[in-house]
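*Asks:* pasting the structure only:
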């Protein structure tokens, strides 16, 4: 198994139930990146929007809250597109979590 990294929840995850009963959990994770410098190392933080589906969505919402660590083993970057109220097309990258471990 490949570990993508250990992140922390930036916010408490929230669950949405779609038409037909499918469940999706939305949350944002923060991942540190150590940048090697001439004088001293510093950390840069990356904030990534994530989703997870079905029974895993319910598990995440019940067992994690803001500040908790999580190990991401497998995730897929996806581009979400929508049209806003002004008729403009918008998009963003969201990471669909496929496999994780509770730390």
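*Replies:* Alright, I've got the coordinates. Values in this document were obtained by computation on a predicted structure and should not be read as measured data.

*Asks:* in stretch 92-103, what's buried?
*Replies:* For stretch 92-103, a neighbour-count test (16 or more other C-beta atoms under 10 Å) marks 94-95, 97, 100 as buried. Yep, even glycine has a C-beta here, placed from its N, CA and C like the rest.

*Asks:* Mind picking the two most distant members of those?
*Replies:* Pairwise distances across the buried residues of stretch 92-103 peak at 15.4 Å for 94 and 100 (criterion: C-beta to C-beta).

*Asks:* pLDDT, secondary structure and distance to residue 7 added to the buried residues of stretch 92-103, as TSV?
*Replies:* Output for the buried residues of stretch 92-103, formatted as TSV (pLDDT from 0 to 100; DSSP: H, G, I helix; E, B strand; the rest coil; distance: C-beta to C-beta, whole Å):
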residue	pLDDT	secondary structure	distance to residue 7
94	95	strand	14
95	94	strand	10
97	96	strand	10
100	96	strand	10
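
*Asks:* Would you mind listing the buried residues in the helix or strand harbouring residue 77?
*Replies:* According to DSSP states H and E, residue 77 maps onto strand 69-83. Across strand 69-83, burial judged by 16+ other C-beta under 10 Å covers 70, 72, 75.

*Asks:* contacting residues around the first one?
*Replies:* The one in question is residue 70. 6-9, 29, 64, 100-103 (C-beta atoms under 8 Å, 6 or more residues apart in numbering).
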